[in-house]
Each structure stands twice: as structure tokens, then as C-alpha cells.
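> structure here, sequence nowhere to be found:
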């Protein structure tokens, strides 16, 4: 029988598929379904510093808006204790998941600079998170701030979270670094135990009727796996001791196989599980198992990293020239 | 244990501990008592015996009294809280409860009664109206007594079986924060003896031992039975004294039924009760210490009047007595307490009767000052003292008032501070926090009292704080402050802020200017005051610090450390630590982020506060606000302006109307200039849609169409454009114009503007821009705009949004909240029907922003016509409006009869036209023609002396139809006024009812009504309202012949306009329920109109019109909104009234959310079926 177990962030996992942050991982019921479907671990939805603050301050502003204004009604709201704010609800989810699930429950935090808020990481660990996934991304708007400054800010953030918690730390990064290999190595040096490649972001869209800018989220589609696949393959030999997770565009069990071949320790799925339900995880794992059987692999450990940049038959294929070749081979489709 | 609380809380603590049932209903200033007990019950807090009291909100005070009576009859311990009209509504039950000798306590924050005007403020009019009910009456003079006497009342009622009214002065005591010593449980259980409780319980109705109570008695026995209770009343004074004595054993605070203070050999004595005692005893102490033979006699038990104790307490040396009544009883030989005193003396005084005079003071919370008290003692010294007098006002008509000695000064050991701020900047909250910090952290006594103006937007607050080594009993405002803070720089222009500063006082400004620059920005009058009074001037830019710390406009946590540092009440480090601790305590329950941003502001405060070097000469070119322009009416310049300038207290009796009648159209003279940003119109983009003007809550943005010729003389920068479409003649011009000094800057107009620039999407046809950059130009433009003639009302289609918005609003510049959701409807109604409207307005927000002095937004057109408006009460408004209809109808009928009779004199053709061509109230052309005919009629009859002709002349206006509008909020329509509303709707009469439905009692602070939706948190429903919203529209439709519409102007303006016109056209009762966004919803007010679209698209607020028709086969119910497209939660989640529950009690919230969604689904399904129902309503003639 095929051995699907793997190790990620030091945790032995029964399968190399991890449910990444999404609305599916925000309810305990769905988390239990994911576990039943066989995923190796779950990552809870990302906790955003600004969301935590915005929720509390906006609510407080609304509650206070009419206070002290007129003699008949000096307050419009009773004196509530808001003990189920976003952070409270998230800690409650973390605590519940950690208690009810046997697989590792990884908590995710979003931030872009070091600050007092890293104590949220500690609170997540106290609530039972087995590991922290630091979701690190912001839009660098300030033209006076150099790329080096931005990168140093990220590293400082990794160091501060590292110092705040003693559980494994994964860092989820974007592909938008001039020297990703260099940045990846520095993030590891700053204290990351693992890297998650890559983050996908809400991008604004425009409403053509109202001309409003609207945030939208497009779920990943087939083909998106190629960018993280390339970088997993490149980074695997460069960071042999670091856990690597591939995320983005995983819709088939065979794509899990691709990720593992390129050197990932785990592959994460979001869109496919959201679209088709938690039970789709068991099908993906089964598809992987069938593929491995068909191709004579006995274990994930055997499979992992067998087609990295170093171990592939064509190292240059992961380099820029590949791009040129694709362009040269591209032909427009015949018009309808 | 010490606590810094107000009297409402002090009384409620005890009432709650000693009750099984609390029946509540909101009324100012007693509402906080009901709110407290409701919140404690929701939290599961037990009473003295471990039971969580049941707290039930009723539909009115009458209902609360009924529920109280029933609970008492079952043997439960029950209480309620009320004031003013609320107590009057309880009177019938009070007679019953007393007649049945039932132990009960009503806690009253005594407030005046509505007479020539409503007033929310304090005097003894309400409790004096209850003095014949048979309830004992115990009066607390201060906050500590409100706490102590609450217990004494509950204990004494159980011992005597006589029910007790426990009262204290509304606002001055109910809302004064003072440091008091809380009663411990041993005192409470020591005074409320369990045997008395059991005895009461044993009298409760039970089928195990059935009795009958409430019999009907005949002349043979009624009288005797009424006398049978006498001995119980006879026993009350001694029992109360016994309870007082027992209280003293626990607390050391000894009270008597009548307490005397002053010289033991006093010759002049004042007699009074209530908060005025504080000022009176301070004066007595000072005068007596200087050797004057004066004293004050304080009445604590007012009913049964303790005659013997009164006589015993009075020094035998007394020669003259002044009895002070805080009530006016027109026509009586003297006021009530005065009569009681005279009676007691006449029957029991041994020796020469002292001379007794009586005076009124403090009506409607009029200040009662030490100088007033001194003037009373001076009057007692006079050989020609006035037998009846008033004090605290200038009566230049009947010359009853006493004059104060302007030089009278009272020494005090307390430090006194006054803070001027805006309601929105958190000044009051900060000062309440400071009182608690000082009270809790030092051995000092503290006191705080807060004065608000009548506006809900840009309202000014003045906080009066005292702290010192002695208990503080100064029950009057501070006039010689050691510290004055002005939290809003602009107030220096509007109000005489530094008048209250004593010489050498420290003054602190929140100013946008540096310490070097601020001096030259002060008006010269203010500079002169600083120099003359040798004021120590400090400044800080708190607004910037607050904004940068994420606190927005709430500067309180910046100003608070500055007050502590400058007042030196505590060492700086210690005060900062205590402020932070207070912030932590207040805000940690709202989330860490809220605490952190306050900390950030506190940390910057002291370093950025600077001393200002004061030059020796005042040299500013700036002046305080100029007087009103010459074209303002005399009354506005002579009277209104004084009130606007904060000098209303100085107006003499002769300045005021004798009957409460005031001119309309006065808000336009009150230029408040509140907005930092105002909307600026870009005519190049405008499509004439009128959306910006229809939603403007303040009529501060307007639209006019006019001819090219009207542009002659336009000031530079006046914006104008050609009109769009064919609804107006070619060449017609159009302008959209802001009233720059009347706009509150809410931004709703910008939010709803549908047009964006092709080159810059954020630029709309109307945009908020800095007021300072545009104010001068826009003032000139607005003045020119006003002078452009109004459009011919017959030339536009009223049923369109654009057409309605080209009509002159006759409701403008109200003091409603910035972004108010109610006022756009009133403005629209005034545009459509204003020149023929009579309005009955229920008490509530709309009566306050509509009728609270100094000014009114109800206005007149150039012909002098406009809405005639009156407010009667809260509960009777539908009936009040119906009465107006009946009055109009009877006048019309008589006028028509006289026209017919006098046709030969009038001219037969004119008479025939007057009678036969009488228009409907929405027929613009017909009304214009009828008005012309009425003028002809007047001309025809002018100079007549014939009686019938004179009668017709007096009724001629009744030949023009009147549109009667009955306006009020949901508290009125759904709850307290529903019985009357139902009756009026059933009457078939032609009245139009407009319900401004905010789904909560907005005016009294956000208590739940039966309109409150399931799952929303409101006062009295803190844990979320568990029942669904009452469907008022459906109830009205059940009559069949009532026009009913449910509208939301932000969701569908056209449907709103159409519904209001149809309602007016309907020759019978109509009911329009208008969704009104409100600050009590906890929403972003600038986007509140857009939010109404979500209310509709979620099915939360379906739009419909039920239009009765006699035609067979018609479907009167028309659903005007589409099937819900989004889940209810999407609407609810952005509103704090729902969100607070989800963040504090998610399980309950989710349960109620699911039910609320089911409500929406079910209601929509039901309405869909209604839309298919055929009804043909018989076309009745109006009953004659």
C-alpha cells in the first residue's frame, strides 16, 4: 500500500494535502469534515491586524456616536462587553479546532510590519495552534521606501513573530520579489521553519455601472500551479532543511504529485475544496495514491523532490529560457 | 463603599434590590432608572432575596401603572419609575393602589408638565398633581438622599401599607453626579423587614384563598369605606421617622421628617423641599455664621404632611417665613406647600403667628442660586415684603419677581471648573470619568452637572465640575470657575465662554493654532476678558492629536490629562496613570484597539499643551458673532437672538408670548456654520435628478428652476445651467445651491449623487469641499439664490423627484442629528403641501427639532403661508390631529353655508364658484383659483358690519382645503398612541398620518418600541428584541378604506413622492410608514440613504402601497419593491444595533437572526399573496 505520510514543520502528517485558509476552515463543522476527508493538516483563516482593529474601533465609534449629545438620551446603546470580537471568535475557533481535531491545526496571521500586534501570535498558540503561518504581504505604496527597506521590514516581522512563539513558524510569501531565492533564504535565516508558496490576493475590480472600485476574489484556476511549482523546484535544493508548501492552483490529485515531485513537503488546496466541498479532499488524496501506484511510487517520501531543479533531467527548464521557448512555440488560435 | 453616581442610578440600585417586578416606560428624565433595572435584569443580577426581578416594558406609563397594580395584587413587590406626563398617566391606578392600601413605590425624577410648552426639565408640577392620590410622598434633596430615601420608601410602604412616591428633582438631582456612600445589604435587609414582606405577600390574590377586591360600592357604604383607611395614614409620619432613625444606626446619616438648619433663634426662615435645599442651606450657613438670624426648614415627608413635626422644627423665635414652591398653580390662593404651611401654623402655632409669604422658583429647571436665596431673606426683612413673589426671573408685567443682590457672594472650599464642548467631542464623558477618578482616588468629594442645548447636531454641552474637602451641595451652575476649558475654538465666537471664569482663573483652549499664534485668532472681546480678568491662558491642538490617534472628533482623552495637570488635583504621573486605568476599564470591553488609540492620545497630551503669553493690549481684528441682520423680524432680533447668544435667562416676562405661540420661519436666522466641509455643485455634470436635495435632512441643499432673466445681478461664482429634458420650457435655467451656514456637512447628498466625472471618477456633480475655502462665495450665491422667484407650483410635475424638488421647502435647517433620516420626509411633505398644511406633531424627536426653542424649522413662503404646527402630547397625537380635521371641517361647512346664504351680497357667480369649484387639497391649479376667489370674497365683504358677513370673513380661509398631517415616531404610533391612532384610522376622516419609523424611541435615548425588529439591541431590550416587529401597515389595511404605504426615501425616492401624494389625495384616513435611518441604529450616517437600498433589497423593509378602491376586480395592494435578493444578515451586519449583540452574545444573536430571516421570508410570501388579492371597498361618504 502506498505510504502517503509526510512531514511538515516537524509534524508527521498522514497525507501531503493541507486545507489552506478559506471560509471552509472558518467553521468547526467544516474542519471536522476536512479531517474526516483525510487532509494532513488545516490552516485556519488568516487573522488580519487591521480587521481586528477596524471591527473594534468602528463598532465603538457607532456606539459612541450619539452619546453625550442631548439631555434626553445621553447614550443610545447599553454598556456592552464585546467579548466576541474577531480576535475572540478566532481564538475560540482555534481552541475548538485544536481540541476536536487530531491533525495539526495551523493558525494564520497577516501582517506586514513588526509591531505590538504580534502578541496575537502568542494568543493563537495559547489557544492551541500547533504552528503559525505568517501571511506576509502588503502593497508597498511609498515611493520613498526602497525594496531593501520593504524586505527588511518583512524580516523584522519574521524575527518578531519568531521571538514571540515557540511553535513552528511558516511564512507565506508572495512571488513579487526581485530576488525571491535570496529573500527566501533570508526569511529562513530570520527564523522561518517553512515557506508557503505563494500567496494569492484580493485584487480590486471596477464596477462599470457605478465606477466604484470593488474588491474581488477569483478562485484559482488550472495552470496557476506553475508559478509555485517552478519556485518550489528552485528553492528545494537551496533550502534543504526548510519545509516547503505549495499552494495556488491545485485542483487534481496529479497536481499534488507535481508539487511533491518539485520538492514540496505538502500541497495546499483552497478553491477546489471550496467549490466541491471538504469531501473532495479524499478524492484528491485518492487520485494521488492511484497516480503513485500507477507510476510505481511507494511513498510520498520517495516522491518528494525527485524533480527539483537539481534533480530534474533539465535544470534549465526552470530558468528564464523556458519562457522564451514557450513564446516561440505560441501560435494564435484560428479565428472562429 | 463610596461611588460617584447620579440620583437616577442611586435610586434604581435600591428599587431593583427590593423588587420582584419592575414595569417600565421611558420618559425624560426618569428613563435611566428603567434602563438600569432592565440591564441588570438582563444580566441576571438578583434582588435582595436572590430572585432576578422581572422587568417589563409597557406601551405607556398608564400601562406600566396597570401592570404595577396587577403585580402588587398578586402579592409581588413591584415598582416603577416615571416623571411628568408619565406620572399623570399613572394617576388613575395610583388612586386604586392607595385605596387598596397596597405597599408600592414609584420613583419620580420630578419634571414639569407641558402647559404653554413642553419642557423636559425639573420642577414639582408632576408630583404636586399626584398629592391627592393617597400616596405618601418623600422628597430627596440630593443624590445621597435619593439613595437613602429609596430604601426608606420601600421599607416604610411595607410597614404602613401606604404606597410611596419617592421623588427628587429632575436633572438637577436625577442627573447630577455626586460622591455618595452606598448602602450595604445589612442596612437594606435591616430596614425592609421580612415580616412586612410576608404580610404583603399574604394579601396577594390566590385561588387557594380567594377574595374580591375592586368592588363597586353604593352610596350606603362608599363613604365609610373610604374613611376606614384613616388610621393607616395617621401612622405614616411616625413610621417614616422610625425608619429614618433605624437608617441612622447603620449609616450615621440622621434625617427627620422636617429638618431645620440655621440659627437656633432665627427670625427669618425659608421653607422648601427638593434640590433647592442645597443652595438655601449654603446661604443660611453663611448668613447665620455672620450673625444673621436666619434658617431653612426642609420638608422631607410631604404627604402625609407632618404638621406637628413641622411646628416642632420651627424656631419659636421666627417672625417671618417664606415658603418656596417649585410649582405654579394658577388661580390658587397660594401654591401647595405655602398653603400647607399656613394651615399648619394656623392650627398649631402657639403665640403670635409669623408672617408667611410665598414664592415660586425654579420652574422648568430655572436656576435657583444663592443670590436668589439671599434675595428671599432680604424680602423677609422688608416691611413691605410681597405676599406672593417669584425669584430667579425678571417679571416686568405683574412685578412679582424679587431682585437679586448682584454683589452677593458665597464662599466655597470647592475647586470649580467649567468645560464648554460639543456633544460629539466627548466632553461630557471625559468629565464623568474625571469625577469618578477624583472621587475614587482621593479623599475629595466631587460633583458634576451637565447642561446641553436643544440641538441634536452640533449641540453644545457645558459641564460643571466641583471637587473639594467637604460634601458638595451646591445645586446651581458655576459662575466663578477656577478653571475653564473651551473644547471647541469656534465656541469662543458664539458664546460668552469666559464669563464664568473668576479673576486669575486658568483657561485652556483646544485650538488649531500654536501658542504663539492663538492670541491673534481670538475675538477682541475675548482678548479683553483675558486681560481684564488676568486669566492664565493655555492651548493645545487636541483635535489634531485625536484625529492622528484614530479618535476622530472625540478629543476627550486629550483634554482630560490637561485638566488634571492644570487643576493640580493630582500629581501628573498619578493622574495619567489613573486616566489610563479609567480608559482601560471603560474601553477594554470594546476591544484592545480602542484602548490603544486612547492611550496614544493621552501620551501626547501634556507635551503638546503650552502656556500662551498674554499681551497687555487686546488688538484682534476679529469680533464675536455680529448681531442679526436688520431684516430679521423684531421678535427674532429682540427675543430669539438673546436665546441664541446664551442670554435667555435675562429675558423678562414681557418678552415672552403669553400663550406659547411663536412665529415660524426662524431657523433661518440661526447661522451655526457647523460644517467643516460643504457640498459644492459642479453644474457641468448635473442631470437635474433632484436626488441630492430630496435626501438633504436640513434643506441645506436646494434646487431652483428659473428664467435666464433672473440671472441678472448674479454674484461672481454663482452656478447655473440649462435644464435637462422637456418638463420645463426651453431656456429654463437651473441651480443647485448649498446654504453654507446651515449645512451640517453630513455628506448624504454627495453619497446619493449618481453622476461621476468622465475624467475623474471620484468627482461627482456634487462634492464635499473645505467650507473655509467656499463659505464667502457660497454665502453670496445662496443669498442671490434665495432672491430668485420660486417656480410656479402649477408648472412642475409634483409626482416626480425633480418636480417635487423644485418646490420651496417649508421645513428648513432643523437641529436634528446630522444625517437624520426623518427630516427628509418632513421637508418633502412641506414642499408638496406646506402652504395648506396643519400639523399635529407627537412628542418625540420631530417635536424637539421641530419646536424646541430658540428657533423652528417650520417656515413660510413669500405669501406668508406655511405649515401651522402644534404639539399636544405624546399619547394623544392622532386624536389631536383628528380634532384639527373636525375643526377644519366644521369651519368649512359653516363657511359654505354662509356663502350660500350671502350669495346675493357676494355675487352669485363668485358664490357658485366658491361652492362648486372647491378643489381637492392636492389640486394646485384649483387651490390657486380658490384662493383668488377667497380674496375676491374678502374684497366683496370688506367694511361690512353685518354679523353673518363678519362670520364668513373670519372663516373665509376654510374655503381653501386644509391638508391635515399627523406626524410622529414609532414610539407614538406603535405603542403609546396606538389606541388613538387605531380609532382615528377607523373614523373615515380625511387625515394623513406620517410615521417616522426609526424602530426605536430615538428622542429618549434608544429604547425599544414594538417597531423594533427582532434581534436588534435597544435599551429595554438589551439582549436583543425577542419578538418580531409589529406590522402596523397590515393592521391599518384591515380597515379596508385606509390608504397605507410603506416607503424608504433612500431606496426609492419616486415611490416615496408618489405615496405621499396619494395619501394626501385619498379622501379618507391615510397612513404612511417611512423608514427613517437614525443615529440609534449605529450606522454610517453619510451613507445611510444608500443603506436604505439594502434594507429593501434584503426584504427587511418591503415597499408597498395599499390604495383602497371601490372598483370591483382591483388589487389594492401593490408591492413596489422586488423580491429580496440578499440575505437579511447582509443588511444587519453593518448596523451596530445588531452587531453589538453578535459581539456580546453570539448564540442569542444567531438564534434571533435566524428567526428574523424567517420573519422576512414569511412576510414577503404573505405580501406576495396580498398583491394578488382583489378588494372592492364601498365608497363611503364621510360621516357628518
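Everything's here; your move. Note that this is a predicted model, so its numbers are computed, not measured. Residues are numbered from 1 along each chain as shown, chains lettered A, B, ... in the order given.
> now the strands for the stretch 201-336 of chain A?
Secondary structure of the stretch 201-336 of chain A by DSSP state E, counting those that start in this stretch: the strands cover A:203-206, A:213-216, A:243-246, A:266-269.
> ok, residue B:570 - contacts?
Listed by C-beta atoms under 8 Å, 6 or more residues apart in numbering or on different chains, the contact partners of residue B:570 are B:438, B:441, B:442, B:564, B:578. Where you see a C-beta, it was placed from the backbone N, CA and C, and this is true even at glycine.
> got it, and residue B:455?
Residue B:455 sits in contact with A:70, B:672, B:815, B:849, where contact means C-beta under 8 Å, 6+ apart.
> among the contacts of residue B:570, which are in helices?
Within the contacts of residue B:570, residues falling in helices by DSSP state H are B:438, B:441, B:564, B:578.
> for chain A, which residues are neighbours of chain B?
When proximity is defined by C-beta under 8 Å from any C-beta of the partner chain, chain A lies next to chain B at A:52-53, A:55-57, A:59-85, A:87, A:89, A:116, A:211.
> just the buried residues of these.
The neighbour count (16 or more other C-beta atoms under 10 Å in any protein chain shown) marks A:52-53, A:55-57, A:59-78, A:80, A:82, A:84-85, A:87, A:89 as buried among the residues of chain A next to chain B.
> and the helix or strand that contains residue B:70, what's its mean pLDDT?
Secondary structure assigned from DSSP states H and E places residue B:70 in helix B:61-73. Per-residue pLDDT over helix B:61-73 has a mean of 98.
> give me the sheet partners of the helix or strand that it is followed by and which way each runs.
The helix or strand immediately downstream of helix B:61-73 is strand B:78-82, counting by DSSP H and E. When pairing is defined by DSSP bridges, strand B:78-82 lines up against strand B:21-24 (parallel), strand B:105-110 (parallel).
> how about the residues of the stretch 651-800 of chain B that lie near chain A?
B:756, B:761.
> where along the stretch 51-200 of chain A do the strands fall?
Going by DSSP E, counting those that start in this stretch, the stretch 51-200 of chain A shows strands at A:105-111, A:131-136, A:169-173, A:194-197.
> what pLDDT does the residue of the stretch 251-400 of chain B at minimum distance from chain A get?
For the stretch 251-400 of chain B and chain A, the shortest gap (C-beta to the nearest C-beta) falls at residue B:365, measuring 9.8 Å. Per-residue confidence (pLDDT) for residue B:365: 97.
> what's the pLDDT at residue A:321?
47.
> leaving out the residues flanking it, which one is nearest to residue 40?
You didn't pick a chain, so chain A it is. residue A:13 (3.2 Å; C-beta to C-beta, 6 or more residues apart in numbering or on different chains).
> wait, chain B was what I had in mind.
residue B:16 (5.6 Å).
> tell me the secondary structure for the one you found?
Secondary structure for residue B:16, judged by DSSP: H, G, I helix; E, B strand; the rest coil, is helix.
> so how far is stretch A:49-62 from its chain's centroid?
Stretch A:49-62 sits 24 Å away from the centroid of its parent chain (C-alpha atoms, centre = their mean, to the nearest Å).
> typo on my end, stretch B:1039-1047
Relative to where its chain is centred, stretch B:1039-1047 has its mean C-alpha point 30 Å off (C-alpha atoms, centre = their mean).
> residues contacting residue A:226?
By C-beta under 8 Å, 6+ apart, residue A:226 lies in contact with residue A:249.
> again, but for residue A:271
Counted by C-beta under 8 Å, 6+ apart, residue A:271 has contacts A:219, A:220, A:221, A:249, A:251.
> the closest residue to the third one other than its chain neighbours - how many residues pack around it?
Among residues not flanking residue A:221 along the chain, residue A:249 sits closest, at 6.7 Å (C-beta to C-beta, 6+ apart). Burial of residue A:249, expressed as a neighbour count using other C-beta atoms under 10 Å in any protein chain shown, amounts to 26.
> what about residue B:534, neighbour count?
Count around residue B:534 with other C-beta under 10 Å applied: 11.
> sec struct for it, please.
coil.
> I'd say it and residue B:502 touch.
No - Residue B:534 is beyond contact range of residue B:502, at 10.0 Å (criterion: C-beta atoms under 8 Å).
> burial count for residue B:820?
Neighbours of residue B:820 under the rule other C-beta under 10 Å: 30.
> list the contacts of it.
With C-beta under 8 Å, 6+ apart, residue B:820 has these contacts: B:456, B:457, B:697, B:814, B:845, B:849, B:1076, B:1078, B:1079.
> now the residue of the stretch 251-400 of chain B closest to chain A, nearest residue through space, not along the chain?
Closest to residue B:365 by C-beta to C-beta, 6+ apart is residue B:121, at 3.3 Å.
> residue A:168 now?
residue A:9 (3.7 Å).
> could you chop chain B up by domain?
Per automatic domain parsing, the domain ranges recorded for chain B read B:2-206+B:219-250, B:257-391, B:415-611, B:662-797, B:815-891+B:962-1178, B:892-959.
> and of the ones you listed, who's closest to residue B:634?
Among the domains of chain B, domain B:662-797 comes nearest to residue B:634, with 9.9 Å by C-beta to C-beta.
> now do that closest one, average pLDDT.
The model assigns domain B:662-797 a mean pLDDT of 95.
> how about the contacts made by residue A:97?
A:28, A:31, A:42, A:44, A:105, A:128 are the contacts of residue A:97 under C-beta under 8 Å, 6+ apart.
> next one: residue B:921
B:833, B:836, B:927, B:961, B:962, B:963, B:1064, B:1065 are the contacts of residue B:921 under C-beta under 8 Å, 6+ apart.
> packing partners for the longest helix along chain A?
For chain A, the helix with the greatest residue count under DSSP H is helix A:147-164. Where contact means 3 or more C-beta pairs under 8 Å, 6 or more residues apart in numbering or on different chains; DSSP states H and E, helix A:147-164 is packed against helix A:119-126, strand A:131-136, strand A:169-173, helix A:180-189.
> need those in a markdown table with mean pLDDT, can you?
Output for the helices and strands packed on helix A:147-164, formatted as a markdown table (pLDDT from 0 to 100):
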| stretch | mean pLDDT |
| --- | --- |
| helix A:119-126 | 93 |
| strand A:131-136 | 94 |
| strand A:169-173 | 97 |
| helix A:180-189 | 97 |
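> would you mind giving those as a markdown table with mean neighbour count added?
Below are the helices and strands packed on helix A:147-164 laid out as a markdown table (neighbours: other C-beta atoms under 10 Å in any protein chain shown):
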| stretch | mean neighbour count |
| --- | --- |
| helix A:119-126 | 19 |
| strand A:131-136 | 26 |
| strand A:169-173 | 25 |
| helix A:180-189 | 17 |
